[in-house]
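Trainee: A structural model of the following input is requested.
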Amino acid sequence: MSFIISATFASVMTNIGYIIVAIIGLMIMIVIHELGHYLAGKALGFKIDEFAIGFGPRIFKHTSKKTGEIFSIRPLPLGGFCAFHGEDDDINDPGAFNNQKPWKRLIVQAAGAVFNFLSGIFIITLFFSIYGQPLPVIVAIHEDGAAYAENTFQFGDAVLSIDGKLTQILMPEDVAAAFAKAGDTARFKVLRHTFDADGNITSAKVVEFTAHKSDFSFEKIIYDEDGVTEIGRETQTAYGFGISQGLAYVKLPFFKALGRSFPYAFFLVFKILAMLGALVTGKTALSGAGGTITAVRTVAEVSKVGFHGFMWALCILSANLAVMNLLPFPALDGSRMVFTLIEMIFKKPVPRKVEAAIHTVGLVVLILLVVFLDVFNLVSSA
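Mentor: Sure, this is the predicted structure:
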């Protein structure tokens with residue numbers, strides 16, 4: 001009995017540890033976001049009242065003697081803010097937020113999402129360099145396929161692009177989708193490695209060639225219900241490039257990783273917007289969405305596979321925060337930017353009290369929505 005209790009306690013403590021790691025990761029992204037607002041505001045001459053990490057009553061406070069700015073830490077580690085002077089009011093102070101020119105306000109309002117996006121670029125570059133980019137990799141070549149010839153596909157080739165389009169993989173199904181879009185004749189760019197007798201990589205080079213589709217036969221392995229035990233084989237015929245492809249994480253040289261990190265970050269943004277669209281149209285169930293608790297739980301689960309899982313979660317999280325904060329929903333940066341654009345177009349701002357009320361209502365709705373999605377997600381997965 002004592003052994004069972006000890007094992008259960010160890011498991012609980014391990015899970016708590018991963019949750020703490022996930023919260024730290026989320027807070028890093030939030031601090032980066034608010035730091036974007038802060039640094040842009042400082043550079044453009046905005047007066048800032050407070051930069052806070054967390055929510056709730058202050059547990060630490062430091063006031064700058066030079067600027068009067070307050071830097072605080074609060075107990076609820078699920079958010080933060082950068083409070084600009086006169087952000088929701090019209091006050092007689094040249095440094096106040098609403099007394100700054102609209103184009104300056106737009107820059108400050110967008111800076112948080114921009115910093116999240118740039119931090120995503122940085123993390124993705126490191127991930128591609130240290131652990132590798134998820135790419136389609138050739139795992140089998142079928143000799144009767146049209147693509148089987150010298151200087152075309154070789155075992156282990158990582159497909160970088162097809163017909164000039166970078167192969168961007170987030171989910172395993174993206175591998176088949178990338179090849180499905182290719183025509184009967186396609187131009188491939190692959191990363192090809194050379195190995196020594198011990199299987200270590202000695203060199204890597206980029207190779208380009210054209211491949212053609214045709215009918216080819218291959219041997220398919222039939223597995224038992226456990227998905228592991230082989231119970232038979234059968235020959236099948238297919239139309240394609242005479243290859244079988246899988247998914248692998250392929251390490252890239254630093255500058256190639258940096259170059260591919262930008263389009264991959266935009267790819268993540270597109271995926272997030274596509275998922276949001278699917279939620280709105282009902283193509284994806286609400287159980288696929290969630291709020292802050294769901295995000296923490298997801299990051300914690302992914303982090304269990306190791307530090308590379310944690311880094312991968314931060315890549316997704318950074319793109320997610322950039323997209324979400326630019327949505328034109330009241331209380332979010334995107335909505336504040338809309339009000340600033342209205343002021344630029346009509347040369348007159350929406351009454352500050354009206355705008356403040358809209359953002360207040362939006363914040364309440366947003367909190368209720370996040371809580372609802374988290375509860376719904378927890379109940380659905382129970």
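
Trainee: Find the centremost residue of this structure, please.
Mentor: Nearest residue to the geometric centre of the chain (Cα atoms, centre = their mean): residue 316, 1.7 Å.

Trainee: hang on, that one is in a helix, isn't it?
Mentor: Yes: following the definition DSSP: H, G, I helix; E, B strand; the rest coil, residue 316 is counted among the residues of a helix.

Trainee: Which residue is the nearest non-sequential neighbour of it?
Mentor: Once flanking residues are discounted, residue 316 sits nearest to residue 268: 6.5 Å by Cβ to Cβ, 6 or more residues apart in numbering. Where C-beta positions appear, they are placed from N, C-alpha and C, glycine not excepted.

Trainee: Now name the helix or strand holding the one you found.
Mentor: Using DSSP states H and E, the element containing residue 268 is helix 254-281.

Trainee: just checking, what packs against that helix?
Mentor: Judged by 3 or more Cβ pairs under 8 Å, 6 or more residues apart in numbering; DSSP states H and E, helix 254-281 is in contact with helix 102-130, strand 133-141, strand 165-166, helix 307-325.

Trainee: roughly how far is the second one from the heart of the chain?
Mentor: In terms of Cα atoms, centre = their mean, to the nearest Å, the centre of strand 133-141 is set 23 Å apart from its chain centre.

Trainee: Identify the residues contacting it?
Mentor: 127, 147-148, 153-160, 167, 169-170, 175, 178-179, 190-191, 218, 242-250, 252, 257, 260, 264 (Cβ atoms under 8 Å, 6 or more residues apart in numbering).

Trainee: what lines up beside the helix or strand hosting residue 220 in the sheet?
Mentor: Element membership for residue 220, per DSSP H and E: strand 214-223. Applying DSSP bridges, strand 214-223 is found paired with strand 230-240 (antiparallel).

Trainee: Any chance you could list what contacts the partner strand?
Mentor: Here strand 230-240 makes contact (Cβ under 8 Å, 6+ apart) with 145, 179, 213-224.

Trainee: Contact partners for residue 106?
Mentor: For residue 106, the contacting residues are 337, 340-341, by Cβ under 8 Å, 6+ apart.

Trainee: Likewise for residue 97?
Mentor: For residue 97, counting by Cβ under 8 Å, 6+ apart, the contacting residues are 46-47, 84-87, 105, 108.

Trainee: sorry, back to before: now do the buried residues in the strand holding residue 220.
Mentor: 214, 216, 218 (16 or more other Cβ atoms under 10 Å).

Trainee: The last one and residue 318, how far apart?
Mentor: Distance of residue 218 to residue 318, computed by Cβ to Cβ, to the nearest Å: 40 Å.

Trainee: and what of the second one?
Mentor: Per Cβ to Cβ, residue 216 is found 42 Å from residue 318.

Trainee: coming back round to it: wait, the residue nearest to residue 316 touches residue 319, no?
Mentor: Yes: look at residue 268 against residue 319 with Cβ atoms under 8 Å: they come within range, at 3.9 Å.

Trainee: what residues do the two have in common as contacts?
Mentor: What both residue 268 and residue 319 touch, as defined by Cβ under 8 Å, 6+ apart, is the set residue 120.

Trainee: more crowded one of those two?
Mentor: residue 319 (26 against 22; other Cβ atoms under 10 Å).

Trainee: how much space between residue 363 and residue 81?
Mentor: Per Cβ to Cβ, residue 363 is found 11 Å from residue 81.

Trainee: nope, residue 140 is what I meant
Mentor: Using Cβ to Cβ, we find residue 140 at a distance of 54 Å from residue 81.

Trainee: the more surrounded of those two?
Mentor: Taking neighbours as other Cβ under 10 Å, residue 140 and residue 81 compare with residue 81 leading, 17 against 13.

Trainee: Run a quick neighbour tally on residue 200.
Mentor: That count, for residue 200 with other Cβ under 10 Å as the rule, works out to 9.

Trainee: now residue 126
Mentor: Neighbour tally, residue 126, other Cβ under 10 Å: 17.

Trainee: ok now do it, which residues does it touch?
Mentor: So residue 126 contacts 257, 311 (Cβ under 8 Å, 6+ apart).

Trainee: can you rerun that using 10 Å?
Mentor: Contacts for residue 126 were tallied using Cβ atoms under 10 Å, 6 or more residues apart in numbering; they are 254, 257-258, 261, 311, 314-315.

Trainee: quick one: buried residues of stretch 314-333?
Mentor: Buried-residue list, stretch 314-333, by 16+ other Cβ under 10 Å: 314-326, 329-333.

Trainee: nope, stretch 89-98 is what I was after
Mentor: Within stretch 89-98, the residues that count as buried by 16+ other Cβ under 10 Å are 96-98.

Trainee: before we move on, back to that, and which of the buried residues of strand 214-223 is nearest residue 73?
Mentor: Minimum distance to residue 73 across the buried residues of strand 214-223 is 59.7 Å, recorded for residue 218 (Cβ to Cβ).

Trainee: Apart from its chain neighbours, what residue comes closest to the closest one?
Mentor: Nearest to residue 218 is residue 142, by Cβ to Cβ, 6+ apart, at 4.8 Å.

Trainee: any idea how far residue 153 is from the one you found?
Mentor: Noted for residue 142: a distance of 10 Å to residue 153, by Cβ to Cβ.

Trainee: who's more crowded, the two?
Mentor: residue 153 (24 against 18).

Trainee: Name all residues that make contact with the residue nearest to residue 218.
Mentor: 148, 216-219, 238, 240-244.

Trainee: And the helices in the stretch 1-150 of the chain?
Mentor: Secondary structure of the stretch 1-150 of the chain, counting by DSSP state H, counting those that start in this stretch: helices at 2-43, 102-130.
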